[in-house]
Structures are given as structure tokens and as C-alpha cells.
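Chemist: The following block contains a protein sequence and its predicted model.
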Amino acid sequence: MRMADSSRSLSTNGTCPIPYPDRFHAATAYVASLPDHLLTDETRLLFYALHSQAAHGPCEESKPWGWNVVESAKWNAWSQLGNMSQMEAMRLYVRTLDEEQPEWWDRMPEVVPADTPAAASPGNGVSISSVFQEGTWVVIQQDDAKKPVPRYEQGAALLGGSLYVVGGHYGGRYLQDVWVYNLNRLQWTSPVPAEPKAAEPPGQEGSAVLAPTGPPAAAGWSVTPLQDKLLVMGGHIKVGKLKKGESLPQMPVWVVDLATMQWSSLTTNGDVPCSRGGHSACLLPSGDKVVVFGGEDSRRRPLADVHILDLQNLSWSTLEVNSKLQPAARSGHAAALYQGALLVFGGGSLASCFNDIWQLDIDRGTWTKVTVQGPSPTPRAGHSGALVGDQWYILGGGNNVKGCTDMLVADLSELSSSGTVFWGKVCSVPPGSPLSSEGISLLHAQDLNLLVAFGGYNGKYHNAVSVYKLPTFAQQTQQQVQPAAPPQQLEQQQPKSRAQLQQQQSQQQQQLQQSPSGQRSQDGQHPGRQQRPEANGNYQQDGAASLDGGSPVSSAAAAKGREQNLLRELALAREQLKRDLVAAKQQLELVSGAADAAKEEAAVQVNMLQQQLAATQARLGEVEKAAEDARHALSAEQAKALRLEAQLAELTDRLSSVRDLERELAKYRKMEAEGAAAKKGSGGLWG
């Protein structure tokens, strides 16, 4: 068959541009057309094993006889691949060919023989999801020269077969890059922003858009698809210390045009909410409004408010809540729109994590805590959810103790009729897997019938792309979802003795009302007999013996009457207990809500006190350091004063000695003067 010229023109540097599994089929066709001397025996053996794994799965054939060296080598090579997924085998096959023949696609013969195995051209209608096994997670290994750095709390959206990833958090810093993952080609690409007035060449693989004119680096923002655009709101950003009286920054709103990758900042009006991260944003069915719930503000305080952005006039409004019961403030929750109502599951705050489900009637502004049945999920935050029909899949997250290693599904099919959601466990994931991470993204690729997961952190940052092929609807309801039985089914599962007893009583009543000849009067009684009331309220037919008479028929009727009275009393008591239970449950929810609010307020106060204590301790440390420096300076001055005093005493002693010498000198001078005067006055021998 002839390979399409249009797809060949897309080739860059010999890289095959067509998606999987067509890329794998083209590679097998090329390898089959190569002469034997161009590939070593080891390479051909590897190609055989990978092709067998991709086409048939793990090796289940019996080992050939030892004397057949070639078949034994093939069997050993295939068996060593173990439980490798078919998709991974296809990817490794193409990767090996890329290493052996880097420009094989450009050298691909224009005409491929008809008997070449699995020679397929692009656009033959084969989906990438056909190579994945239903009900199994597959982590796709990436060999791209450049790919996004590991991260969590990134923004993510899925349009068609493309996964868009925006920003996130990695290694203590926020990210600003934009990446696109092509699910059909299993490749990371990064579109280059087009110039406003000039066309740009196709984007190069393995580079990131730093978006210099886009939003600042952030994490925990919401990304909402809008046709061929992405609406990006909020996000955790690095904010300096607010001055006294300064208000929190407002919620930023950005739009990126996927055709040109140009960012635009939208100026909104109305009651603009404060900026936040870890919130949820859901597009209403009308397509012209976005509802935002919860998150954390710039001071990391959890929020529980609801805001609506009108995309036509870019006006914000705050939803007035009219119900007493409301969910506690939270962030890192999962949210979805189901039948026009907003559903919120889980999330966390400074003090705790939650596992409750709340439903918001947006038109009425009322919150309702949803009744759940089935295994109670572990409280969690930082998880992600994907709504597929009536099934709400939940993956990842963690709490203050550990990460969550289960994938859950909430069956919403009876939510509108009975107000009940049924929890079920889909599968478990290993503790160190990227699927058991906080800040993970889970999205539904509807065209491919796949769940796609990316990123997360569980002691290690992740950038793996994982896919889960959804089962068919029948398998989904029968195998995957195993919720607890609804009340009607629970009644059917009770012992059948009660139903059998009621059936026997009905048969006895019919026997009492029938004559031996089968004739009955118009009122259903035997002719000539009338009913008369007894003291206990039952009715007994005239002509029939009383209980004291020992008649079996009258004994059965009396027993039946007593049993009916007992059943009625039990039914009334049961209804009363139900009403009491509902009232007690409502009271408990009110108390629990108040306790949660008090706990949350206490946690906020404790956090503020801890911050104040830390600031006071820091100031105390500075004062103590200054005092210590002053003590050192004082000690130095005291030592200096002591040295000066010693020097002064020494100088005083020297001065005293000098004065003594001066007095001695004056004495000698006086004596000398007196001697001289006496000598002059005597005149000598001749005077």
C-alpha cells in the first residue's frame, strides 16, 4: 500500500509523525523490508520479542525443545519481557528502530508489499486506546530529549487527544511553563507562540513556553477548557507581606488561545473575589458562566465561599447561601457538575482532611450533605476527579498521615431520586507509584475512552503520564462498581420467612371467605353470615365458633388479627424510630458542623498565635543578642578602665618619686648655697 504524502511531509529530521499504533505498524513494515545483513542477530531477536509482546501480550507458549536453538532463543527473548504492556512494547520497538536507523521514516519505501505484516497508513481509524487493556493503569515511559520537569499542583486540561499542562510547583519554586502531550503520538510538544502579524513555523518538540506576557509563575490554579481556549484563574503565588490595612490581591483571570498560544489578561468587574489557589472552577452547562468554590487565600487561610464569573460581561457575583448546613472551608478538593448541581468531595484545611460529599443547588443557593453508602473513603486532599457519565472517579490525594493508594468511584445514578451516592473501590495502586500522589491531575479523554493522570508528589516529584482504559458500561457497573445495596434491595435481602408468613395468612383468609361449594355473596361473605366486632377490634363471622369453643378456624383468625395488630404497631414504631433517627442525624450534623467550624476557627487562631509567638521569639532573640553584645562591650570597657587605673597608679607612684627627688634636690641645693655663703663670709687665712 502507498504511504500518504501528506504525512510524509510532516516528517522532521527523519522522525515518524504519525500516531500510535500506526507508527508501530509502519516500523514493523520497515523492519520487514530490510535486508538481513543490515541488522544484527541480537537486534532482530529483540524486534521479534517486542513485536510478539505488542501483538499477543505476554508469552504463554510452551518452551520448545532444546535442540531447536532458534526457536528456543525466540522463546527466551519473548518470555523475558514478562508482563510488559503492549503499548510499552510498541514504544520500545519504535525506539529501538530510531536508534538503529535514525532516518528510517525518510527512507521508508513508497510502496510497501501487500504481504508486509501490519502495514498501515495514517488515518486508518485505529485508536491508541485499542492497544491498552481495559481496567488497567499503564505508566507510559518517556524518552523525549526534553520533557516537563516533575511537578505537582499544576493546572491541566484535556482537549481532544491533547493534554495541556500549565505551571505547578517543583523543588520549592513555582513554574510558569506550558506543555502539551499528544496522546496519539505519546509525545511531549511545546507550541511556540505565534507573532501577532506573522506566521510562525511549527512548534519544536522538547521546549517549554515561558510565556513572558502570561501569568506569573504559580501553582494550584484552575484551568477550564473553553472551545479552543483555556481559562486560567487564581493560583498560589509568592506575595510579599501585606501592610496594615492593605487588602488581599484580587483573583486574576487569564485566557490562552491554543491556536496562537497568546496569553491575554481579562479585566473583570463586579464583586471580584480574592486571589486563591487549590480552588475548583466548573463551567456551567450553559457555557457562559464558571462557578468557583473554596481554595486558600494569599495568607493560606481556607475558604468556603462560592463565586460565579459571567463570561459574557466578565462580571463576578457572590452566591448567597441560604442553607444552615454548609461545607467547612477547604482546598485541594475535587469538584464536578452533575445534572446542573455542583458536587464537592474531600479537601483539607490547616487542621484536618475531609471525606464528605456536598451538593450545591446553584439556582437556590442551598448546600446539602449527600448520604453515602458503601466503603467509606479515606479522608484526603490534593486528589483529583473525573466524571464519566454517572461515575465519578477519584484518584490520589493524601492526609496528614499518609498518601491514598486507592482509586475510587462514586456511583451518582441514584443521586437525583434517593439523594444517595454509592462508593466503590476500582483498584489499588502501589504506595510509591505516581498514582498515589498529592497534587495529581486526572482527566477523561472521551474520544479515546481513557482516564489520563499526570504529575503529583508523594515524597518525590513526578512527571509521568499514566492512562487507564475504561471498561464498557456493563463491565463498569457489574465489575468495577460494587456499592452497597439501596434500601429496596436491602429489604429484598432480608429472610423470606416474613413474606412467606404473609402469603400463608392471605391464603388462610381466602379459605375463610370461600364456601365449600365455592359460592359467595356480593360482599364476599358466606350467605347468612354477618361480621360482628370483637372487643379487640377484630371481626368474627356469625355462625363460627369462638376461641373458647376451640374451633381451629376461629383460632387462626384470632391469631391472624393479633399478628396484624402487632405488625401495625411495629410499622408505627419503625416509622417513629426513622423520624427520630433523621432528627438526631440532623442535630448531629448541626453539632458536627458547629464543632468543625469551631475546630477550624481554633486552628486558625492557633496558627495566628504560633506566628505571633514565632515573631515574638525572633524579636526576643534579637534583643538577647543586642544585650549580649552590650555585655561584651561593657566588659571590654571595664577591662580598659582597669588598665587605665593601673597605669594611673603607676604614674602616681612615679610622680611621687619625682617629687621626693625634687625635695631632695632642693635640700642639696640649699645646703650647697649655705656652704658657699659661709665660705665667702669667713675670708680665709688672709682675710
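Modeler: Alright, I've got the coordinates. Please read all numbers here as calculations on a predicted model, not as lab measurements.
Chemist: how about low-confidence regions in the stretch 401-550 of the chain?
Modeler: 472-550 (pLDDT under 70).
Chemist: ditto for the stretch 201-350 of the chain
Modeler: 201-213, 240-245.
Chemist: so where do the strands sit in it?
Modeler: Ranges of strands within the stretch 201-350 of the chain are 222-226, 229-233, 253-257, 262-265, 269-270, 280-283, 289-293, 306-310, 315-318, 334-338, 341-345, based on DSSP state E, counting those that start in this stretch.
Chemist: Would you mind saying which of the ones you listed lies nearest Y461?
Modeler: For these, the distance to Y461 is smallest for strand 222-226, at 19.3 Å, taking Cβ to Cβ. No exception for glycine: its C-beta is placed from N, CA and C like everyone else's.
Chemist: buried ones in the closest one?
Modeler: By neighbour count with 16 or more other Cβ atoms under 10 Å, strand 222-226 contains the buried residues S222, V223, T224, P225.
Chemist: and which of those residues is nearest to S657?
Modeler: Within the buried residues of strand 222-226, the smallest distance to S657 is 93.2 Å, found for S222 (Cβ to Cβ).
Chemist: and the residue lying closest to that closest one once chain neighbours are set aside, how far is that from S433?
Modeler: For S222, ignoring the flanking residues on the chain, the nearest one in space by Cβ to Cβ, 6 or more residues apart in numbering is A281 at 3.7 Å. For A281, the distance to S433 equals 28 Å [Cβ to Cβ, to the nearest Å].
Chemist: Any buried residues in stretch 347-363, and which?
Modeler: Across stretch 347-363, burial judged by 16+ other Cβ under 10 Å covers 347-349, 351-360, 362.
Chemist: Hmm, which of the residues you listed is lowest in pLDDT?
Modeler: Looking at these by pLDDT, the weakest one is A351, with 80.
Chemist: my guess is that residue meets E601, correct?
Modeler: No: with contacts counted by Cβ atoms under 8 Å, A351 stays clear of E601, the gap being 9.8 Å.
Chemist: circling back: will you turn the buried residues of stretch 347-363 into JSON lines that also has secondary structure?
Modeler: Converted to JSON lines, the buried residues of stretch 347-363 look like this (DSSP: H, G, I helix; E, B strand; the rest coil):
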{"residue": "G347", "secondary structure": "coil"}
{"residue": "G348", "secondary structure": "strand"}
{"residue": "S349", "secondary structure": "coil"}
{"residue": "A351", "secondary structure": "coil"}
{"residue": "S352", "secondary structure": "coil"}
{"residue": "C353", "secondary structure": "strand"}
{"residue": "F354", "secondary structure": "strand"}
{"residue": "N355", "secondary structure": "coil"}
{"residue": "D356", "secondary structure": "coil"}
{"residue": "I357", "secondary structure": "strand"}
{"residue": "W358", "secondary structure": "strand"}
{"residue": "Q359", "secondary structure": "strand"}
{"residue": "L360", "secondary structure": "strand"}
{"residue": "I362", "secondary structure": "coil"}
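Chemist: Enumerate every residue touching W392.
Modeler: Going by Cβ atoms under 8 Å, 6 or more residues apart in numbering, W392 touches A334, A336, Y338, L343, F345, G385, A386, V409, A410, L412.
Chemist: picking up where we left off before, return the member of the buried residues of stretch 347-363 nearest to K289.
Modeler: I362 (9.1 Å).
Chemist: what's the spacing between the closest one and V370?
Modeler: Shown here: I362 relative to V370, a distance of 16 Å by Cβ to Cβ.
Chemist: Was I right to think M251 contacts S275?
Modeler: Yes: counting by Cβ under 8 Å, M251 touches S275, with 5.0 Å between them.
Chemist: Mutual contacts of the two, please.
Modeler: Applying Cβ under 8 Å, 6+ apart, one finds that M251 and S275 are jointly contacted by G234.
Chemist: Show the model's pLDDT score for N565.
Modeler: 69.
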